[in-house]
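**Q** Starting from these lines, generate the structure:
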Amino acid sequence: MKPRKHKRKESFSVLLISNTGHNSRQYHISKSCLRLTAVFVCLVCIAFGWLAYHYLTQENVSIAAGSNREEEQLDLAAQLDSMQEMIRQLEEEKEELANQNNALTSENRALLEVAKASMETDDAEESEEEQLSDVQADDDAFPSRYPYSEAGIVSTKYSQTHPYVSIETQGKGNIIAAGEGIITKIGSEDEYPLVIEVEHGNGYKTRYMFAQETQTTREEGEQVRIGDVLAAITAQNEQVDYQVMFENEPIDPLIVFEAKG
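**A** Below is the predicted model of the structure:
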């Protein structure tokens, strides 16, 4: 018979001695069991390390995400402030444009009123000229003749405050009827020693107002023709104020002269 070889099993003995008087115990741990225990401990350590790493990584990600959120919030706050500033500027520009629009509207209204008044004035002048043209069919009655037989000087022109023209005579001459008509008045008024009025018909009347004593051979109710002498001028630099009335309202004699052409 062949002798059998016995395998040796290495083991470790652990003796637990009690200090309280109890029985002591001895444990036998094989080498392979010890190795498994060491491997298990290593695996536990590795698992613990991996969990710790994963936890720390998540924590860092959370911190970074929180930091990013704060930065985003700051950016949003800055954008909001910028938008509010832009809105404020737009409101100021809107108010300024509204003020400019109101100013332009007021200016346009003023210009329209001026234009309207000018158009009304033009219409009134055109109407007056049309009325003048209508009466030109009767040339003799229309008071279109210059009232002085000589070249007198017009010292004061017609205006609203001066509703007649003042003629300064040069040497001798005659004041003549500007058109055919009837003498309706010979008298005096205030600073005029002699005033002669002639009705021409069609709403026209002429007045010859002498600023100094002057004699006339005419009488009230007398018919005169255009160019007939109303009064004689016997001295230089005498003043005669000449007035044309249409429907009892004074008008510029120059308009009558221009209407005659």
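**Q** I'd guessed residue 163 sits against residue 245; true?
**A** No - in this structure residue 163 lies outside contact range of residue 245 using Cβ atoms under 8 Å: 9.1 Å. No exception for glycine: its C-beta is placed from N, CA and C like everyone else's.
**Q** Compare neighbour counts for these two and give me the winner.
**A** The neighbour comparison of residue 163 against residue 245 (other Cβ atoms under 10 Å) goes to residue 245, with 19 against 15.
**Q** Am I right that the more buried one falls within a helix?
**A** No - secondary structure of residue 245, determined by DSSP: H, G, I helix; E, B strand; the rest coil: strand, with no helix assignment.
**Q** Where does pLDDT dip in the stretch 101-250 of the chain?
**A** 122-139 (pLDDT under 70).
**Q** Which residue ranges of it form strands?
**A** According to DSSP state E, counting those that start in this stretch, the stretch 101-250 of the chain carries its strands in the segments 153-156, 165-168, 173-176, 181-189, 192-201, 204-210, 223-224, 229-233, 239-246, 249-251.
**Q** Among those, single out whichever gets nearest to residue 56.
**A** strand 249-251 (109.2 Å; Cβ to Cβ).
**Q** Tell me which residues are up against the closest one.
**A** Around strand 249-251, the neighbours that count as contacts under Cβ atoms under 8 Å, 6 or more residues apart in numbering are 128, 163-164, 243-245.
**Q** Specify the helix with the largest residue count in the protein.
**A** Of all the segments assigned as helix in the chain under DSSP state H, the longest by residue count is helix 31-135.
**Q** Next, the angle strand 239-246 makes with that one.
**A** Between helix 31-135 and strand 239-246, the angle comes out at 110 degrees (axes from the mean of the first three to the mean of the last three Cα atoms, to 10 degrees).
**Q** what angle do helix 31-135 and strand 192-201 make?
**A** Going by the same axes, to 10 degrees, helix 31-135 makes 90 degrees with strand 192-201.
**Q** Return the distance of helix 31-135 from the chain's centre.
**A** Taking Cα atoms, centre = their mean, to the nearest Å, one finds helix 31-135 lying 29 Å from the centre of the chain it belongs to.
**Q** thought residue 232 was touching residue 215?
**A** Yes - contact criterion Cβ under 8 Å: residue 232 and residue 215 qualify, at 7.3 Å.
**Q** Comparing those two, which shows the higher neighbour count?
**A** Neighbour count, other Cβ under 10 Å: between residue 232 and residue 215, residue 232 has more, with 14 against 9.
**Q** Would you enumerate the residues in contact with that one?
**A** 172-175, 214-215.
**Q** what about 7 Å?
**A** Each residue near residue 232 by Cβ atoms under 7 Å, 6 or more residues apart in numbering is listed here: residue 174.
**Q** Next, count neighbours for the closest residue to residue 200 other than its chain neighbours.
**A** Leaving aside its sequence neighbours, residue 200 sits nearest to residue 181 (Cβ to Cβ, 6 or more residues apart in numbering; 3.9 Å). Burial measure for residue 181: 25 neighbouring residues, criterion other Cβ under 10 Å.
**Q** before we move on, what about the one 10 residues further on?
**A** Applying other Cβ under 10 Å, we find 8 residues neighbouring residue 191.
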